[in-house]
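Colleague: what follows is a predicted protein model with its sequence.
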Amino acid sequence: EAQVTQNPRYLITVTGKKLTVTCSQNMNHEYMSWYRQDPGLGLRQIYYSMNVEVTDKGDVPEGYKVSRKEKRNFPLILESPSPNQTSLYFCASSPRVGMAGANVLTFGAGSRLTVL
Amino acid sequence: GQQLNQSPQSMFIQEGEDVSMNCTSSSIFNTWLWYKQDPGEGPVLLIALYKAGELTSNGRLTAQFGITRKDSFLNISASIPSDVGIYFCAGRTTSGTYKYIFGTGTRLKVLA
């Protein structure tokens, strides 16, 4: 089944304890992106990647890091989490521009993170 | 970051009624996407629109890409209880970056 898989789905952690949220897609998509969803603010882009080793900041990148060493994986790293990073996080991917469905984002099921 | 204006924010409707929601932007988009999000799940694509004026249906859902390329609407006909959820629009900008802008969502509740 074509999908975007995120882990963990739920996590409660404490301020300052480094964590990584993994994202993997099995559709050979070139584009991957991370979003956070907060009440009343909709989905805001954190980082995105156009291809392996190519990443760029979205609208709210502060406090986050990403890497794209392989095409299928795009982990989100919180080096020193803070309470304002408590949110629902989504990973998404889409095919290379010019391919069928290139403009359609496929989302993972989400990772709910609570930072105490 | 830029966001789309999506309305209404929420609505209660009776089962069997038709529903309409829309998104407007100050920017021109080359793609409009409509997603539905169920509680505890990620957004799932409903309809994708690629050309100004395009009208596309998916079952009881119909969406249109506005002529000005700055707006889109989604209609749901004869709503049923499982239509409950949050509906999001998303637009892809025409700039060189692969940028998607999301609406803040319309929360739909259907009364049986």
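Modeller: Yes, it's here. Numbers count the residues shown, from 1 in each chain, chains lettered A, B, ... in the order given.
Colleague: make it CA atoms for all contacts and neighbour counts henceforth
Modeller: Will do.
Colleague: from the chain's centroid, how far away is the helix or strand bottoming out on mean pLDDT in chain B?
Modeller: Here the helix or strand of chain B ranked lowest by mean pLDDT, DSSP states H and E is strand B:100-102, holding a mean of 88. Centroid separation between strand B:100-102 and its chain, computed with C-alpha atoms, centre = their mean, to the nearest Å, is 12 Å.
Colleague: residues making contact with that strand?
Modeller: The list of residues contacting strand B:100-102 from outside it, by C-alpha atoms under 8 Å, 6 or more residues apart in numbering or on different chains, reads A:42-44, B:2-4, B:88-93.
Colleague: in which helix or strand would I find residue 20?
Modeller: I went with chain A, as the question did not name one. Element membership of A:Thr20, judged by DSSP states H and E, is strand A:19-25.
Colleague: wait, chain B was what I had in mind.
Modeller: B:Ser20 is part of strand B:19-24 when elements are defined by DSSP H and E.
Colleague: what residues does chain B have near chain A?
Modeller: B:1, B:31, B:33, B:40-45, B:48, B:92, B:98, B:101-105 (C-alpha under 8 Å from any C-alpha of the partner chain).
Colleague: residues contacting whichever helix or strand comes after the least confident helix or strand of chain B, please?
Modeller: Using DSSP H and E, the helix or strand that follows strand B:100-102 towards the C-terminus is strand B:106-111. The contact list for strand B:106-111 (C-alpha under 8 Å, 6+ apart) reads B:6-15, B:21, B:79-81, B:83-88.
Colleague: number of residues surrounding A:Met32?
Modeller: For A:Met32, the neighbour count with other C-alpha atoms under 10 Å in any protein chain shown is 29.
Colleague: er, A:Cys91 actually
Modeller: 32.
Colleague: quick check: beta-bridge partners of it?
Modeller: Assessed by DSSP bridges, A:Cys91 has beta-bridge partners A:Trp34.
Colleague: and what of B:Leu55?
Modeller: Counting by DSSP bridges, B:Leu55 forms beta bridges with B:Gln64.
Colleague: in what helix or strand does B:Leu33 lie?
Modeller: Using DSSP H and E, B:Leu33 falls in strand B:29-37.
Colleague: tell me what angle that strand forms with strand B:106-111.
Modeller: Per axes from the mean of the first three to the mean of the last three C-alpha atoms, to 10 degrees, the angle that strand B:29-37 makes with strand B:106-111 is 40 degrees.
Colleague: interface residues of chain A facing chain B?
Modeller: A:40-44, A:50, A:59-60, A:90, A:103-110.
Colleague: if we use 10 Å, what do you get?
Modeller: Proximity of chain A to chain B, by C-alpha under 10 Å from any C-alpha of the partner chain, involves residues A:4, A:9, A:31, A:33, A:37-45, A:48-50, A:56, A:58-60, A:88-92, A:97, A:101, A:103-112.
Colleague: pull out the buried members of those.
Modeller: A:4, A:9, A:31, A:33, A:37, A:42-45, A:48-50, A:58, A:88-92, A:103-112 (16 or more other C-alpha atoms under 10 Å in any protein chain shown).
Colleague: which ones among the residues you listed lie within strands?
Modeller: Using DSSP state E, A:4, A:31, A:33, A:37, A:42-45, A:48-50, A:88-92, A:106-107, A:111-112 are the members of those that sit in strands.
Colleague: so, low pLDDT: which residues of chain B?
Modeller: For chain B, applying pLDDT under 70 flags the ranges B:1-3, B:95-98.
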